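Asks: quick one, what's the 3D model for this:
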Amino acid sequence: VDYPKNETLVSLFEKQVDSSPDAVAVEYHGQQLSYKQLDQRANQLAHELLGMSIGTNDVVGVYMERSIEMIVALYGVQKAGAAYTPLDPEYPPQRLANMLEDSGTKVILTQAAITPEGFTGTVIALNSDGETGADHSNSRPDTRPSPDDLAYVIFTSGSTGRPKGVMNEHRGIVNRLQWMQSEYQLSSEDHILQKTAFSFDVSVWEFFWPLLNGARLVMAKPGGHKDATYLADTIRQYNISTIHFVPSMLQAFLLNTDAGSCPQLKRVICSGEALPWELTQEFY
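Replies: Got it, this is the predicted structure:
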C-alpha cells in the first residue's frame, strides 16, 4: 500500500495533539497527561537537548524504568531531531557499555541521577512533577525530523556475539503503524497497555500507535509484564482493549487468571515465539 511518505512519528503525533488536546494521552498508576501536556513537556525537553547541540541523527540514551517520564523522553528526543536508544537498567554493565560505545551516545535521560557504570557524558534526570526543563519554552521547536532521519536504535540480543544496533528511520516505523491502523482501527475509546520491555521492538508500536490515533496509552508498572494476576487486574481496572503477549506468557495468563473476566479486550496480539495451535484454541 502506498502510504504517505512525508510523515514522521513527530508530525503524526502533533496532528493528533491538535485534534484532541485535552484527551488523556498516557496514564500510569493514577498519573495522567493529556495530549497537550505531553506535547508541551516533550517540547521543553527537546529545547533543552537542542541547547546542548543534540540534533539530527544523534543518539540519546534513555535509561529508565517504565513511567510517564519515559514517554516524555521518547518524544522529546525525536522532537529535537535525534533518535533514542533504550538502555535497560537491568542489563549487565558490560552490555550497556558496549551499547553506549557503539551508538556514540553522549547524553542519557534518566528518572533520577543514576547512570550506567562508567558513563562519562551528560545526564538529564526527568522528574515526575514536570519540573525538568520547565525553564525552556513549551512551544514546538523549529527543528523537524525528516522521514529519512533516525527515530530509534534498538540493539540485538547479542546471542551470536556483540550486540548490534539496528537503526530505524521514521519512514519505516510510520509505514508499519499506518498499516496497523488501517488493519485494526484504533479509536479514542481504546486503551492500550504498554508492558513490553522497551529494549524489545514490540514496545515501539505499543508506545506510538495509540498516540498517533487518539487512544490512551496505559503504562504497566515495572516488572508487571511478568505477573499474570497483575495484568488481569490492570486490564479490568483500566479497560484495556489491546494487549500484546508472547505465547508463553499468554499461556501463563490463561492458566493463572480468570481471563474470561476481561471482556474489555478486543485485540490480543501474539509474536516473538511460535504460536501453538492448542494455545489458540484454549484462548478462544
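Asks: all strands of this protein, in order?
Replies: Assigned by DSSP state E, the chain shows strands spanning 24-28, 31-34, 59-63, 83-86, 107-110, 122-125, 150-155, 165-169, 191-194, 216-219, 242-245, 267-270.
Asks: quick one, which of the ones you listed gets closest to residue 100.
Replies: strand 59-63 (6.6 Å; Cβ to Cβ). Bear in mind the C-beta positions are built from the backbone N, C-alpha and C, glycine included.
Asks: ok, the closest one: who's next to it in the sheet?
Replies: Strand 59-63 pairs in its sheet with strand 83-86 (parallel), strand 107-110 (parallel), by DSSP bridges.
Asks: now distance to residue 250 too, for those, in a markdown table please.
Replies: Listed next are the strands paired with strand 59-63 as a markdown table, based on distance: least, Cβ to Cβ, whole Å:
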| stretch | distance to residue 250 |
| --- | --- |
| strand 83-86 | 24 |
| strand 107-110 | 32 |
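Asks: how about these in JSON lines, adding distance to residue 204 and mean neighbour count?
Replies: As requested, the strands paired with strand 59-63 are exported to JSON lines (distance: least, Cβ to Cβ, whole Å; neighbours: other Cβ atoms under 10 Å):
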{"stretch": "strand 83-86", "distance to residue 204": "10", "mean neighbour count": "24"}
{"stretch": "strand 107-110", "distance to residue 204": "17", "mean neighbour count": "23"}
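Asks: which one of those lies nearest to residue 15?
Replies: Closest approach to residue 15 among the strands paired with strand 59-63 is made by strand 83-86 (20.8 Å; Cβ to Cβ).
Asks: would a markdown table of the strands of the chain with mean pLDDT and distance to residue 139 be doable?
Replies: Shown next, in a markdown table, are these (pLDDT from 0 to 100; distance: least, Cβ to Cβ, whole Å):
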| stretch | mean pLDDT | distance to residue 139 |
| --- | --- | --- |
| strand 24-28 | 97 | 18 |
| strand 31-34 | 96 | 17 |
| strand 59-63 | 97 | 21 |
| strand 83-86 | 97 | 22 |
| strand 107-110 | 96 | 20 |
| strand 122-125 | 93 | 20 |
| strand 150-155 | 96 | 22 |
| strand 165-169 | 95 | 26 |
| strand 191-194 | 98 | 27 |
| strand 216-219 | 98 | 23 |
| strand 242-245 | 96 | 32 |
| strand 267-270 | 95 | 36 |
